[in-house]
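Enquirer: missing the sequence, but the structure's below:
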Ligand code: C2G
């Protein structure tokens, strides 16, 4: 049996791809198609693949031409695949002429003529681009601006801030810099909010009412009711409203969620997440406190994310222990929350005046997932079992801390009107619910 292998991104599968696959198949008896997981176009420096890996795999499968489909996940995999599957012929389009001659050492390399007059790039260029406005008084906007340049379908319209001094030169030279939110909304199709959580609900609502899409840093609001209202308002208006939390979009994090949910560690029994940092601040100065984010605002949503994404939002009991910097108990410097579920438990520890190991552990009846610190910027995790010989390590490249993928998801949602949430609305509302209970001092014990 003659085995043929070919690779491609196969974005927006078209006639050129199908012809390539037909001719590759005709070279032998068995065709293996490698679909590239990578969606970063190195030659153009942009993420410009429109479809998710699953959609691309499904499209290739639907042609009926592939006898087997594999995912190409790493540099150097072609050699491994050729050896593993005992491949006789490597076939690829003539646009790659010469580039894969090195594979001749392992099998026969054939370049097939590319079909003229059609390409994914051309199909993609028919897409529109959205004007994005940045909002907030945070140097995090500098990172968002940098990542935006790598994302197709988005360009920056301006920034709304009261603190231009902390912004980079390129953010400050955007077409519009203003202190007035309305002015920014006027020139934008969508806004990214990195403002104080107390302002989110009002700002999101205003943008939606003005017909603008919204990507809002977590928590989307500080009460469950408000959060639900915002999601239904967005739906009613046909607009995209997504919560931003970069961890949710990191490839490694998404994969570990899948593994945890698919029984890889048995029945999940406990989720424990810790996120801490030591913020430099004068605790005695009330003005300084009002300008800073307390521990729960800074870290609460991130730590709560795996709890609600794995165990769901329906816990039966929640207990909070906090230390506060102020008499009014508004600014927590450390908080631990314990959740009880009918069949599991969870805990989060967050602090901005306490330092601990920032790890995530998901324990199950067969084994556990261990994500080392800082787990919220995760590119690596391990699945560990009683027998260490069965342990597995997983590594996935994390580009741009996840911000890049978050922006890509947002841009795709706006252009396709199909939202692939990194954070589902029910998880987003559950996070807001905890923020609400925390602010109401529900089930709170105070540390001296
Ligand atoms: N192709 C073609 N005619 C076109 C467009 C594409 O014959 N008009 C071929 C390409 O030459 C390639 C295959 O279809 O062999 C898949 O094309 P892409 O999805 O553009 O994949 P590409 O980025 O070329 O990926 O490491 C090699 C890559 O995985 C190949």
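Expert: Received, thanks. Note that this is a predicted model, so its numbers are computed, not measured.

Enquirer: which bits of the stretch 101-250 of the chain sit near the ligand?
Expert: Counting by CB under 6 Å from any ligand atom, the residues of the stretch 101-250 of the chain close to the ligand are 114-115, 118-120. C-beta here means a position set from N, CA and C on the backbone, and glycine is covered the same way.

Enquirer: what's the PyMOL line that selects buried ones from these?
Expert: In PyMOL, this line selects whichever of those come out buried by 16 or more other CB atoms under 10 Å:
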select buried, resi 114+115+119+120
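
Enquirer: export the residues of the stretch 101-250 of the chain next to the ligand as JSON lines, with columns for distance to residue 159.
Expert: Below are these laid out as JSON lines (distance: CB to CB, whole Å):
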{"residue": "114", "distance to residue 159": "43"}
{"residue": "115", "distance to residue 159": "44"}
{"residue": "118", "distance to residue 159": "39"}
{"residue": "119", "distance to residue 159": "35"}
{"residue": "120", "distance to residue 159": "33"}
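
Enquirer: residue of the chain nearest the ligand, please.
Expert: Closest approach between the chain and the ligand, counting by CB to the nearest ligand atom: residue 93, at 1.6 Å.

Enquirer: with adjacent residues omitted, what lies nearest to that residue?
Expert: Distance criterion CB to CB, 6 or more residues apart in numbering; nearest residue to residue 93, sequence neighbours excluded, is residue 114 at 4.5 Å.

Enquirer: thought the one you found was touching residue 16?
Expert: Yes: assessed by CB atoms under 8 Å, residue 114 is found in contact with residue 16 at 6.9 Å.

Enquirer: and residue 310, what does it touch?
Expert: 257, 260-261, 268, 271, 362 (CB atoms under 8 Å, 6 or more residues apart in numbering).

Enquirer: can you rerun that using 10 Å?
Expert: Applying CB atoms under 10 Å, 6 or more residues apart in numbering to residue 310 gives the contacts 256-257, 260-261, 268, 270-271, 344, 346, 362, 369.

Enquirer: got it, and residue 184?
Expert: Neighbouring residues of residue 184 by CB under 10 Å, 6+ apart: 133-135, 157-161, 176-178, 191, 207, 212.

Enquirer: report the buried members of those.
Expert: For those, a burial check counting by 16+ other CB under 10 Å picks out 133-135, 157-161, 176-177, 191, 207, 212.

Enquirer: how about these in TSV, adding pLDDT and secondary structure?
Expert: As requested, the buried ones among the contacts of residue 184 are exported to TSV (pLDDT from 0 to 100; DSSP: H, G, I helix; E, B strand; the rest coil):
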residue	pLDDT	secondary structure
133	98	strand
134	98	strand
135	98	strand
157	96	strand
158	97	strand
159	97	strand
160	97	strand
161	97	coil
176	97	strand
177	97	strand
191	98	strand
207	98	helix
212	97	coil
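
Enquirer: quick revisit: which ones among the residues of the stretch 101-250 of the chain next to the ligand map onto helices?
Expert: Using DSSP state H, the subset of those located in helices is residue 120.

Enquirer: flag whichever of the residues of the stretch 101-250 of the chain next to the ligand scores worst on pLDDT.
Expert: pLDDT across those is lowest for residue 120, at 80.

Enquirer: out of everything not next to it in sequence, what's closest to that one?
Expert: Nearest non-adjacent residue to residue 120 (CB to CB, 6+ apart): residue 11, at 4.5 Å.

Enquirer: show the pLDDT at that neighbour.
Expert: pLDDT for residue 11: 89.

Enquirer: number of nearby residues for it?
Expert: 23 (other CB atoms under 10 Å).

Enquirer: how about residue 408?
Expert: 26.

Enquirer: and it, what element?
Expert: Assigned by DSSP states H and E, residue 408 belongs to helix 403-416.

Enquirer: quick check: buried residues in that helix?
Expert: By neighbour count, with 16+ other CB under 10 Å as the criterion, the buried positions of helix 403-416 are 403-415.

Enquirer: that older thread, which one among the buried ones among the contacts of residue 184 gets closest to residue 430?
Expert: Residue 430 lies nearest to residue 207 out of those, by CB to CB, at 22.9 Å.

Enquirer: thought the closest one was touching residue 201?
Expert: No: counting by CB atoms under 10 Å, residue 207 stays clear of residue 201, with 11.2 Å between them.

Enquirer: what do those two both touch?
Expert: Shared contacts of residue 207 and residue 201, defined by CB under 10 Å, 6+ apart, are found at 216, 230.

Enquirer: ok so residue 55 is a helix residue?
Expert: Yes: counting by DSSP: H, G, I helix; E, B strand; the rest coil, residue 55 is part of a helix.
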